[in-house]
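Novice: pasting a predicted model and its sequence here:
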Amino acid sequence: MADQQEVLNEVVIKFAGDSGDGMQLTGSQFTNNTAMLGLDLATFPDFPAEIRAPIGTLPGVSGFQLRFSSDRIFTPGDECDVLVAMNAAALKVNLKSLKKGGRIIANTDGFDSKNLRLANYPDGVNPLEDHSLDSYEVVTMDVTKMTREALKEIQMGTKEKDRAKNMFVLGFLYWMYNRDMDNTITFLTEKFGKKPEILESNIKALRSGYNYGDTTETFTHRFIVEKAKMEPGTYRSIMGNQALAYGLIAAGQKSGLPLFLGSYPITPASDILHELSRHKSFGIKTFQAEDEIAAIASAIGASYGGNFGLTTTSGPGMALKGEAMGLAVMLEIPLLIVDVQRGGPSTGLPTKTEQSDLLQAYYGRNGECPMPVISASTPSDCFEAAYEAVRISIQHMTPVILLSDGYIANGAEPWKFPKSEDLKPIEVNFKTQLWEGEDKFQPYLRDEKLVRPWVIPGTAGLEHRIGGLEKQNITGNISYDPDNHQLMVKIRQEKVDKIAQHIPHQKLDSGDQKGKVLVLGWGSTYGAIKSACVELRANGFPVSHAHLRYVRPFPENLGDILRNFDHVLIPELNNGQLIKIIRDVYMVDAKGYNKIMGVPFTRHELIDAIKAVAEEK
Amino acid sequence: MNVSARKDGKKTGEIFLSSSSRLPGKLFPQPTSTLVIPYLVSLIADFCVILRSNFSDMSTETIEKPALTPKDFATDQEVRWCPGCGDYSILAQVQKIMPTLGIPRENIVIVSGIGCSSRFPYYMNTYGMHSIHGRATAIASGLKGARPELSIWIVTGDGDGLSIGGNHTIHLLRRNFDVNVLLFNNQIYGLTKGQYSPTSEEKKITKSTPMGSIDHPFNPLALAMGADGSFIARTMDRDPKHLQAMLLRSQAHKGASFLEIYQNCNIFNDGAFEIFTEKSSKPEEALFLEQGKPLIFGATQNKGIRLNGFKPEVVELGDKYSADDLWIHDERDFYKAQILIRMFDDPALIGHLPRPFGVFYETDRACYEDVMTMQLEEAIAQKGKGDLDKLLKGRETWTIS
């Protein structure tokens, strides 16, 4: 028995296999199991856009990267320690991200001549046998054969039995990392409770994998990663889209407004629609519209009626919603547009991440059409970003864009979730009658924030008409007057600008207030930038990091922060978008570091980029 | 209808009841009235319980509100349609019927898109939204979903509702939101100054089709039928009484009502429907449908429509055929409605069939917003009202001390 245990500080595992091999499920089960032990973790699911690309091929490889640590971590890791390769294609695609000396756990059945050919290995070449992997530790096992063997007494077809292969692997890893398997058994029981054969086959395969590790003593010792030194409190594991949905639900509860989601399914935003549609007991109405335009239009109708209307989408959907966003800007009603960004343009890279919709969010509408833009920076941060977006939308009577992206939408991390009572209530003021001294309702009479009253149908005595045509200041009647149009354009801009007075000042995430290099980021690059800055400072290299939540308007003190540094570096997963706005607004000679490969930054490349900027004169 | 909660003579709450809801709305005296319940009641559910259990022996106080007139539905905005436009008549008829519906003005919302017809909300002293091109139906869907108790009227045109907004129109109909769609069909683009529309006839010469349109036109009612519309009717701007009757029928229908209104654009397409609307030709060319009655038309009510197998044909009433031989109109007949809707001949053709007006089809089908609300109620009944803390906590947590 391998009773010896080796304590590791952190581990990065990548589960990789064919799209049909259940790698996402395997990864998420191992993640939940890890979370329950109090480790810090970060995940990066990476899967093809095709539901089932041809089996065994390189494009069909689906991966799930999990990093867990007893230290605080902020990214899923640049390189893996362990690569689980269910077939030859999975090895070929992922070998480059495996550390030298790392472990490969390979399913030999996935390296037969057919699989090798599909993975484009030359005839007669098998990487498991030709010593090309000698700089790694390779552990081979015939998962398929052993799974079939373990399930031989269960009456079901071979094809069905083979579906439990991933559970065998999961069981083996549970053994390898000295884990309890209860959470997965509970999960399987709930999932397959009504299909006893499938349940039995999965649990049997899981246990067999565990026992295989135990009896073969594949490793002389098992591995343990101890609890992370995290802030005291109660945690759960959360994914970005789920956190975003919870933020919306919480904002609905704390504002007292029913939520109405109009949405058209689109990767990688659909999970927000799925999540919200499960919570009808919160009074949430979800409407799967006929298209992206109807989705936002229905949300506008709901907001006009006094619900909180919102729509969820990704880049191509944003493009379609542009005109309706303009209407919401003219109507000046609350509305939230969530854009979970993906690689573009056009259909682009549906399942890959990118930050390339920022300029679209900023400017992508006809006319002078300012809208606040909020961004989320980590999976759990999606909760707060969504809550804050709803607050701004309601309190400033404006449509708001919330930017997330595929990386944080599908990534998971531990979350010290808030209590309902700790969430700041969101005040809603419907106007229900004329004010004293008011003889006629003026729909566009504004308060000191330049916010107009919200009057909903059903309010007697305040009947009025609104629409997309330019309106006369105060009365809201149609107006084509030149001076009035200029005035209204300026008012709508100023109204959005004034939000800066009602958001927190920008803080530095880390580093000194003044110095040589500031790294300014926004959105999902948070973890990679933070990791790079932490490492650089630990090595005596002075660098500061500020990360924007409020992208439009910017916090009032952002300019002061920028001017405190010799160099400003703006890393973005696009061809340089925030940098254009920063240069425009602050006349700062910021430098960009841009990656447009559909994958997140690595810590290493950012460290190099920061050093390079610091060396400039 | 308003139901108020009062305590010690002071109003503590008020809800609006629609006669189409599951409440015993029909029991209340018509028209608009206020029923005062002498208890403080805050929840609609409580209202329902009290109404259901105590209505018969409860002492109620009825306060008559002054009846509204068509003028109450007019706004102070100058009506800016071209002089002689058919829209004026439609506006007048809508303003005429509105006070008779028993719906408080504040519970009526008119939603429009873009086009001449879509200026409509500005002239109606109700709630209203003049939205963007083609999307009124989609906006109204969200509004009705959010606020099922509102009476929502969508005003659209052949361009707005059938071209740029065609997708939303068909989906609204299949979902069967309880709203009224008034589709002003003038077979031309008016606001953009005279291009052909999806209902313009083939070969039509317009600014964008100098050699004649090569687009085959929509039959709007066939489209509505194809989308499983639950109420399908046609009327015309030049027949105020029929128009009023059709508006009332649209409103009375529980579900999505699709009312096509032939509307003359006297600037860009004058006389498009003249043959159906002018006294000289109307009796021969327009066939007015009445429930349970034979399909009869003609200057002296001398002609009728008979079904020869599945094929409608015109017969002269007299020696050979009597009213008993004719097609008896049944709005609830799904199959015959499809034939009736396809009576869409070009009136220039020899031997053409007359164009029917009236209610072609009506059926009862669950309304989207009602089922949507019921699912919410069902979810609450099954799981209890949503508990935010429980949700945030999830099922698996760990504590770091």
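Specialist: Sure thing, it's come through.
Novice: how far away from the center of its chain is stretch B:378-385?
Specialist: Here stretch B:378-385 is found 34 Å from its chain centre; the criterion is Cα atoms, centre = their mean, to the nearest Å.
Novice: just stretch B:76-89 next, same as before
Specialist: Relative to its parent chain, stretch B:76-89 has a centroid offset of 21 Å by Cα atoms, centre = their mean.
Novice: what residues does it touch?
Specialist: Contacting residues not belonging to stretch B:76-89 are listed as A:477-478, B:91, B:116-117, B:119-120, B:122-123, B:184, B:186, B:237-238, B:240, B:243, B:262-267 [Cβ atoms under 8 Å, 6 or more residues apart in numbering or on different chains]. (Each C-beta comes from the backbone N, C-alpha and C, glycine too.)
Novice: one more: stretch A:450-458?
Specialist: Against stretch A:450-458 from outside (Cβ under 8 Å, 6+ apart): A:304-306, A:332-334, A:395-397, A:428-432, A:441, A:443-446, A:462, A:464, A:491, A:494-495, A:498, B:16, B:106-109, B:127, B:143, B:147, B:149-150.
Novice: filter those down to the buried ones.
Specialist: Neighbour-count burial (16 or more other Cβ atoms under 10 Å in any protein chain shown) applied to these gives A:304-306, A:332-334, A:395-397, A:431, A:441, A:443-444, A:446, A:462, A:464, A:495, B:16, B:106-109, B:127, B:143, B:147, B:149-150.
Novice: what's the next secondary structure element after the longest helix belonging to chain A?
Specialist: The longest helix of chain A (DSSP state H) is helix A:196-216. Sequence order places strand A:221-225 as the next helix or strand after helix A:196-216, per DSSP states H and E.
Novice: roughly how far out does that next one sit from the chain middle?
Specialist: Here the centre of strand A:221-225 is set off from its chain's centre by 30 Å, with Cα atoms, centre = their mean.
Novice: again with stretch B:356-373
Specialist: Averaging C-alpha positions (Cα atoms, centre = their mean) puts stretch B:356-373 10 Å from its chain's average.
Novice: ok, now stretch A:105-123?
Specialist: Centre-to-centre, stretch A:105-123 and its host chain are 33 Å apart (Cα atoms, centre = their mean).
Novice: kindly export that stretch (C-alpha atoms) in CSV.
Specialist: What follows is stretch A:105-123, C-alpha atoms only, in CSV (Å, rounded to 0.1, in the frame of the first residue of the first chain):
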residue,chain,number,x,y,z
ILE,A,105,-1.6,9.5,-17.5
ALA,A,106,-2.4,7.8,-20.8
ASN,A,107,-5.2,5.5,-21.8
THR,A,108,-3.4,3.0,-24.0
ASP,A,109,-6.6,2.0,-25.8
GLY,A,110,-6.7,5.6,-27.1
PHE,A,111,-3.3,5.0,-28.7
ASP,A,112,-4.2,2.2,-31.0
SER,A,113,-3.4,2.4,-34.7
LYS,A,114,-6.7,4.1,-35.6
ASN,A,115,-6.4,6.8,-32.9
LEU,A,116,-2.7,7.4,-33.8
ARG,A,117,-3.7,7.9,-37.4
LEU,A,118,-6.6,10.2,-36.5
ALA,A,119,-4.1,12.2,-34.4
ASN,A,120,-1.9,12.6,-37.5
TYR,A,121,1.0,10.5,-36.1
PRO,A,122,3.1,9.1,-38.9
ASP,A,123,2.6,5.4,-39.6
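Novice: now do the buried residues in it.
Specialist: Buried, per 16+ other Cβ under 10 Å, within stretch A:105-123: A:105, A:106, A:107, A:108, A:109, A:110, A:111, A:115, A:116, A:118, A:119, A:121.
Novice: of all these, which two lie farthest apart?
Specialist: Within those, two members stand farthest from each other by Cβ to Cβ: A:105 and A:118, at 20.1 Å.
Novice: pLDDT value on residue A:53, please?
Specialist: For residue A:53, the model assigns a pLDDT of 79.
Novice: against residue A:120, how distant is it?
Specialist: Distance of residue A:53 to residue A:120, given as Cβ to Cβ, to the nearest Å: 14 Å.
Novice: residue A:282 now?
Specialist: Distance, residue A:282 to residue A:120, using Cβ to Cβ: 50 Å.
Novice: what of residue A:580?
Specialist: For residue A:580 relative to residue A:120 (Cβ to Cβ), the value is 41 Å.
Novice: what's the answer for residue A:553, then?
Specialist: According to Cβ to Cβ, residue A:553 and residue A:120 sit 51 Å apart.
Novice: again with residue A:515
Specialist: Residue A:515 sits 49 Å away from residue A:120, going by Cβ to Cβ.
Novice: for residue 134, list the residues it contacts.
Specialist: Just going to use chain A. If a contact means Cβ under 8 Å, 6+ apart, then residue A:134 has no contacts.
Novice: wrong one, chain B
Specialist: Taking Cβ under 8 Å, 6+ apart, one finds B:113, B:114, B:160, B:161, B:163, B:164, B:165, B:166, B:168 in contact with residue B:134.
Novice: likewise residue A:580?
Specialist: Residue A:580 touches residue A:359, counting by Cβ under 8 Å, 6+ apart.
Novice: ok, residue A:238 next?
Specialist: For residue A:238, the contact set (Cβ under 8 Å, 6+ apart) comprises A:246, A:379, A:380, A:383, A:412, A:413, A:414, A:415, A:417, B:394.
Novice: and which of the buried residues of stretch A:105-123 is nearest chain B?
Specialist: residue A:105 (26.2 Å; Cβ to the nearest Cβ).
Novice: what about the contacts of stretch B:76-89, which are in strands?
Specialist: B:184, B:262 (DSSP state E).
Novice: shaky segments in chain A?
Specialist: Residues of chain A meeting the criterion pLDDT under 70: A:1-3, A:617.
Novice: show me it divided up by domain.
Specialist: Using automatic domain parsing, the domain ranges for chain A come out as A:4-225, A:237-422, A:508-615.
Novice: which of those is buried the deepest?
Specialist: domain A:237-422 (a mean of 24; mean count of other Cβ atoms under 10 Å in any protein chain shown).
Novice: start and end of that domain, how far apart?
Specialist: This stretch, domain A:237-422, spans 20 Å end to end (Cα to Cα, to the nearest Å).
Novice: show me where the stretch 51-200 of chain B has strands.
Specialist: Under the criterion DSSP state E, counting those that start in this stretch, the stretch 51-200 of chain B contains strands at B:61-64, B:108-112, B:127-130, B:151-157, B:180-185.
Novice: and these: which comes nearest chain A?
Specialist: strand B:127-130 (3.0 Å).
Novice: for that closest one, give the mean pLDDT please.
Specialist: Strand B:127-130 shows a mean pLDDT of 98.
Novice: and what of stretch B:258-271?
Specialist: Mean pLDDT, stretch B:258-271: 97.
Novice: helices of the stretch 201-350 of chain A, start to end?
Specialist: With DSSP state H, counting those that start in this stretch as the criterion, the stretch 201-350 of chain A has helices at A:240-255, A:270-277, A:292-304, A:315-331.
Novice: for chain B, find the nearest of the ones you listed.
Specialist: Comparison of these against chain B by Cβ to the nearest Cβ identifies helix A:292-304 as nearest, at 3.0 Å.
Novice: can you pull out the strands in the stretch 251-400 of chain B?
Specialist: According to DSSP E, counting those that start in this stretch, the strands that the stretch 251-400 of chain B contains are B:257-262, B:286-288, B:296-297, B:303-308, B:311-316, B:355-362, B:398-400.
Novice: for residue A:64, give me phi and psi.
Specialist: Per-residue torsions, residue A:64: phi -140, psi 110 (degrees, to the nearest 10).
Novice: residue contacts, it?
Specialist: A:14, A:15, A:16, A:23, A:24, A:26, A:27, A:28, A:43, A:44, A:45, A:46.
Novice: so what's it bridging to?
Specialist: Beta bridges link residue A:64 to residue A:15, residue A:45, judged by DSSP bridges.
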